[in-house]
Structures are given as structure tokens and as C-alpha cells.
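Novice: build me a structure from this.
(chains A and B)
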Amino acid sequence: MTQLALVIDLNVCVGCHACVTSCKEWNTSGSAGPLCDENPYGADPTGTFFNRVQTFEIGQYPNSETLHFPKSCLHCEDPPCVPVCPTGASYKRKEDGIVLVDYDKCIGCKYCTWACPYGVREFDEKAKVMKKCTLCVDRIYDMSMPEIDRKPSCVKACPTSARLFGDIHDPESAVSQAIREDGGYALMPEWGTQPANHYLPRRKTKLKIHMDELERADNPLKVDGQLPKPAKGAPSMDDVSAW
Amino acid sequence: MKPAFSVIFLTTLLGAGQGLFLALFTHQSYALFGLLPMQSAAYYGFGSALAMLFLGGGLIASFFHLGRPERAWRSATQWRTSWLSREVIVLPAFMGVVFLYGMVHVFGFLPEIVTLPSGLVIDLSVVIGTVGTLLAFALFVCTGMIYACLRFLREWNSPLTVINYILMGGSSGFILAALFSAVYAPTETDFFAGWAIIITLLAFAGRGASLVRNARLKPKSTIQTAIGVKHPYITQRSMGSMGGNFNTREFFHGKSVAFLRAIKPTFLVLAFAVPLALLALGMHSPTLLGATFILQYFGLMAERWFFFAQANHPQNFYYQTIG
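Specialist: This next block holds a predicted model:
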């Protein structure tokens, strides 16, 4: 069993939106037709995106920090959006675990979006069907591309390598190792959807200084100066005597 | 959630149609056992036609909810997993049975199917009516389960959702049956009005129970579990789009909190209190019953609007601030 997924490192994401634009560019140019944009230069622009980068402020000023949070379909291992689809347009591929929508079968009832707690499916107001992240299924198996390009468009675009792509069921894959060793977590685990995509938390490297490192344990009186010079024959200790 | 008018019309019209059919067959069942006088073929025939009118209206309304109505036939395929698909199958089946029920009455095609040991003759209309009754309840369950099965929408994820669809549809249908009888068979009006009072009271209790339940719900998801950061103060600064998007439109009712608050007493009065008061007056004239049905119908539409608007989807954690 293979379960392809993205692992997104929030520690590295700088919120540049390169993954968003790259995703949109690739997926609006494919054989599935464009992703609609309405009023792109107007006062109230709106459109269909598979991937969005959101920004959260954690904490309160002045002790706050910014978290950039890319969000796309999590390709749940138990996707709640799939069984509710009345037409079978939404399905999860057995061979690689990608959750897809067959745009030719979708009737646009939007019921699947009600059943997704993550809000990652977006209705295309022009095509009148539901659309969502495909993990660039039209890239990753395209043998006409060099192997290095057979990755989702967002992964290729990320300038900080915050997005990893691979099979999370293979324990030796880079994504599995990242989840295992760098604290990968799933979103809203309370619903049991088992999202395939994982996030790596913000990690801070801190220099831990203990008090006894600031204070010399061997000089509790903080007296600086020449150490005593016991007689040659007298017993002596290291660091306590001059020799 | 955003209340879509297509779905508001769909569920309220279907409820009235199903309730009317259930009322008609309840009457025939009473008549079968000699508890009420059997009515003319035209009575059951026209009654079924009226039910068909409401069911057809609901069916038409449902198409306005679809982006691609021309592909609607596909939605009958996933009945193994999807309650929506099951509804798509049960609705036309039920309409077909209601049509047959009316037809066998109108054309008097009532061959005897079986005679019970007590001498009771079960004719074709009774068999069709029984099947129709089962399908009417099946349709209520399908409609209710479409909402009740979504575990993230906790306001809906309760057996009360299904029970209330049955009771409110029944209330609406029995009032419609009383109105219909007031015109075609005035002697039978009290029977339907009596049942309408009982069912409306039950519906009031059921809807009240779900309001109490929903008021006490504690959210399972929080912004902390949504983004996986443990901190008491998390504020969204940007949701990743300069304007609105599908996620800001589909999951929010778009009205003020004050409006939402005003709708609740409105529907409680119009859908339950007013019909109960008018029915309890006991003056079952066609005008008064017509007013009762129409006022309650507006009340049920308000109820359905509130039902959708009150449901708070966890995806809203991700869509709070445009920027």
C-alpha cells in the first residue's frame, strides 16, 4: 500500500505563496480545464485554488510570532468526503491514496465540502463542479518529465524546501522519517480522518545554560586570585591548588 | 452553513407532501377498520394529486441546488454509502407509489389481494398505501440522515434531526390534509385537525429538545487543533485570499447575530404556536385552515433557514480574516 502525501515544515515556511501561484499555474493549464478566476483585478476578486497559505498570529503583542500555514487537501486515509458523494465522482485511489474528483461525473451538489472538516475543496463557479488538490497526479507519473520534476508543483516551487513529498507508508521514505523524527502531526485528529499530509511544528533551537555553568562550582566564594601553593609533600587536589 | 433556498424549499415541500400522503392513508386505514366513513375515490385521488404537486415542487427545487443538473441521474449510483444517493432513489420511488395510489382509487382498480380471517378485505390500494407509508418514512430518514450523518456538524449530528424532519413534515402534511378535507369532505376535517395538533405538539417538543441540545454543545475542534499549535491566543491574520472565496460563502449564513437570534422565536411562533392556537380554536373553515397551513409553511421555512444557519462548520476556523 502506498499513501502519497505532503509533509509541510512550518519551521521553514516563510509564507511567500510560491506554492500557491505555482499550483494555480500548473493546475489551471492542464487538460482538466482552467481553475476559474472572477474579478481578478476587481474590488472583490475570487477564484478556485487548491492550495492557500494562511497566516496566524500566535500569542499577544509583544510576545507574539507569525505562523505561515499552507493548507491543501490532506488526502485523508479515511476521507469523510468520499462516501457522501452521491455520484462516485469523489474517490480515493487504491494504488497511491490520492483523493480525486472526476470532474465529468461531479454534479456540483457541494455535499462533499460539508463533509470535509478542513475546508480544502473549492467549488469552481464557472465549471460548476467541485475541485481540489490532485497532488499533481498529472505530473508525478509523467514519464516524459525528468525524474526530478515528477513532484507536485508546489513542492518544486518551494524556495525553502518546506514541502516534502513521498509515501508515508514506506517507513524509510524521507516523509516518514520527517514525521517520525521531527514531530510530524495531523490536523484536527479528533475526527479520526487520519490525514495523510502532516505538518512539522515550529522548532526553536535554544542554548540551555544552567546556573552552575555561570557560577564556578569550584569557587563558591567567588574569590579570584592565586591558588594556594601547598608544600611539595602535602596532599593536593586538582583545580584547588596551584599544582 | 449557508441556507440555500433550493434546499429549504426541497425539504419543506417534500415534508408537506409526505405528511399529506401519510394523512390520507391513515384515514383510509381508519376507514378500513370502520372507524371512519370511507371516502369517495375522488377524495383519495385528488389528495394524492395534491401530494404529488408538493413532491414535484420539492423535486424541481432540488435541481436548483446542483451545479450540473443534467448529470443528476448519476446521483443514484452510490446508495451503498451516501444518504443523498439513497434519497435520490427513494424520492422518485415514493412519488411513483403515490401516483399509483391515486390512480387505483380514481379508476376504481381495487382487486382484492387477501381476505383476513376476520373478514377484512385488503385490496390493492391498501397494499400500495402500506408500501407508500414505508417509503414516506424511508424518505424522511434519508433526508434527515443527509444532515445527521455529518459528524463534524454537531448541531445536526443527532437522532433528533431525523425525528424532527418526520414530525415537522407530518405536522405540515396533516394540516394540509385538514385543509384539503375542509374543502372536499368537511366531516373528516376534525380527524386530521386532531392528529395535526398532536403531531405539531410532538414536533414542538422535538425541535425544542434539539435547540436545548445545540445550546449546550461544546465545540470539539478548536483553532489549536485546526493548526496544531498549543497556545491560548491564536488569531488569524490572513486566510490566503484578497477577497472572499468559496469557503467564506458556503459556510456562513451572511446575516448578523441579531438576525439569527430573531429567526428563532419567529419560527417557534409561526411553525408551532400559531398553528396550534388556530387548530385549537376548533373552527375548521377552509380559510382558517388555509391561513394555518400557509403561516406554518413560512414558519417551517424560517425553521429550515435557522437549521442551516445555526450549524457551525469546523472549516470556519481557517476562514476568519480576509487579508
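
Novice: could you verify that A:Ser64 is part of a strand?
Specialist: Yes: assessed with DSSP: H, G, I helix; E, B strand; the rest coil, A:Ser64 lies in a strand.

Novice: how far away is it from B:Thr225?
Specialist: 20 Å (CB to CB, to the nearest Å). Just so you know, the C-beta spots here come from the backbone N, C-alpha and C atoms, and that holds for glycine as well.

Novice: residues in contact with the residue of chain A found nearest chain B?
Specialist: Among all residues of chain A, A:Gly108 sits closest to chain B, at 2.1 Å; criterion: CB to the nearest CB. Residues in contact with A:Gly108, defined by CB atoms under 8 Å, 6 or more residues apart in numbering or on different chains, are A:123, A:128-130, B:66-68.

Novice: contacting residues around stretch B:265-274?
Specialist: With CB under 8 Å, 6+ apart as the test, stretch B:265-274 has contacts from B:168, B:171, B:200, B:203-204, B:207-208, B:292, B:295-296, B:298-300, B:302-303, B:305-306.

Novice: filter those residues by proximity to chain A?
Specialist: For chain A, no contacts are drawn from the contacts of stretch B:265-274 by CB under 8 Å from any CB of the partner chain.

Novice: tell me the buried residues within the residues you listed.
Specialist: Among those, those classed as buried by 16 or more other CB atoms under 10 Å in any protein chain shown are B:168, B:171, B:200, B:203-204, B:207, B:292, B:295-296, B:299-300, B:302-303, B:305-306.

Novice: what are the ranges of the helices in the chain?
Specialist: You didn't pick a chain, so chain A it is. Using DSSP state H, the helices of chain A run over residues A:18-28, A:81-84, A:111-114, A:137-140, A:153-157, A:174-181, A:211-214.

Novice: hm, I was asking about chain B
Specialist: Assigned by DSSP H, chain B shows helices spanning B:5-32, B:41-63, B:83-106, B:124-148, B:159-184, B:189-215, B:223-227, B:246-250, B:257-267, B:274-280, B:286-310.

Novice: okay, these in a markdown table with mean pLDDT and distance to A:Ser90 next?
Specialist: As requested, those are exported to a markdown table (pLDDT from 0 to 100; distance: least, CB to CB, whole Å):
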| stretch | mean pLDDT | distance to A:Ser90 |
| --- | --- | --- |
| helix B:5-32 | 97 | 20 |
| helix B:41-63 | 96 | 19 |
| helix B:83-106 | 97 | 12 |
| helix B:124-148 | 97 | 16 |
| helix B:159-184 | 97 | 23 |
| helix B:189-215 | 97 | 29 |
| helix B:223-227 | 96 | 22 |
| helix B:246-250 | 92 | 16 |
| helix B:257-267 | 95 | 31 |
| helix B:274-280 | 96 | 41 |
| helix B:286-310 | 96 | 22 |
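
Novice: follow-up on the earlier one: for A:Ser64 and B:Thr225, indicate the residue with more neighbours.
Specialist: Each of A:Ser64 and B:Thr225 has its neighbours counted (other CB atoms under 10 Å in any protein chain shown); B:Thr225 has more, 21 against 15.

Novice: using PDB, write down the CA coordinates of the least confident helix or strand in chain A by mean pLDDT.
Specialist: In chain A, no helix or strand scores lower on mean pLDDT, DSSP states H and E than helix A:211-214, which sits at a mean of 76. The C-alpha trace of helix A:211-214 is given here as PDB (Å, rounded to 0.1, in the frame of the first residue of the first chain):
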ATOM      1  CA  MET A 211      23.200  28.200  36.700                       C
ATOM      2  CA  ASP A 212      26.200  26.100  37.700                       C
ATOM      3  CA  GLU A 213      27.600  26.900  34.300                       C
ATOM      4  CA  LEU A 214      27.600  30.600  35.100                       C
END
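
Novice: residues in contact with it: which ones?
Specialist: Surrounding helix A:211-214, not a single residue is in contact under the criterion CB under 8 Å, 6+ apart.

Novice: what of stretch B:142-159?
Specialist: Outside stretch B:142-159, the residues that touch it by CB under 8 Å, 6+ apart are A:80, A:84, A:111, A:114-115, A:117, A:191, B:1, B:11, B:14, B:83-84, B:86-87, B:90, B:161-166, B:210, B:213-214, B:217, B:219-221, B:307, B:310-314.

Novice: verify the contact between B:Trp83 and A:Val84 for me.
Specialist: Yes: using CB atoms under 8 Å, B:Trp83 is in contact with A:Val84, at 7.5 Å.

Novice: near chain A, which residues of the stretch 1-150 of chain B?
Specialist: Applying CB under 8 Å from any CB, we find that the stretch 1-150 of chain B lies next to chain A at B:1, B:65-69, B:71-72, B:74-78, B:81-85, B:88, B:146, B:149-150.

Novice: at 10 Å what do you get?
Specialist: The stretch 1-150 of chain B has residues B:1-2, B:4, B:7, B:62-63, B:65-89, B:146-147, B:149-150 near chain A, with proximity defined as CB under 10 Å from any CB of the partner chain.

Novice: filter those residues down to the buried ones, ChimeraX style.
Specialist: Per 16+ other CB under 10 Å, the buried members of those correspond to this ChimeraX selection:
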select /B:1,2,4,7,62,65,66,67,68,71,72,74,75,76,77,78,79,82,83,84,85,86,87,88,89,146,147,149,150
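
Novice: distance from stretch B:239-251 to the middle of the chain?
Specialist: Stretch B:239-251 sits 30 Å away from the centroid of its parent chain (CA atoms, centre = their mean, to the nearest Å).

Novice: what does stretch A:207-221 give?
Specialist: Centroid separation for stretch A:207-221 versus its chain: 40 Å, with CA atoms, centre = their mean.

Novice: again, but for stretch B:131-140
Specialist: Taking CA atoms, centre = their mean, one finds stretch B:131-140 lying 13 Å from the centre of the chain it belongs to.

Novice: okay, buried residues for it please.
Specialist: B:132-133, B:135-140.

Novice: neighbours of B:Met242, how many?
Specialist: B:Met242 has 15 neighbouring residues, counting by other CB under 10 Å.

Novice: quick one: contacts for the closest residue to it other than its chain neighbours?
Specialist: Excluding its sequence neighbours, the residue lying closest to B:Met242 (CB to CB, 6 or more residues apart in numbering or on different chains) is A:Pro45, at 5.5 Å. Going by CB atoms under 10 Å, 6 or more residues apart in numbering or on different chains, A:Pro45 touches A:37-39, B:241-245.

Novice: closest to A:Pro235 out of the buried residues of stretch B:131-140?
Specialist: Checking the buried residues of stretch B:131-140 against A:Pro235 with CB to CB, the nearest one is B:Phe140 at 96.5 Å.

Novice: please tell me how far the closest one sits from chain A.
Specialist: In this view, B:Phe140 and chain A are 18 Å apart by CB to the nearest CB, to the nearest Å.

Novice: for that residue, which non-adjacent residue is closest in space?
Specialist: Distances taken as CB to CB, 6+ apart put B:Ile166 closest to B:Phe140, at 4.5 Å, once the chain neighbours are dropped.
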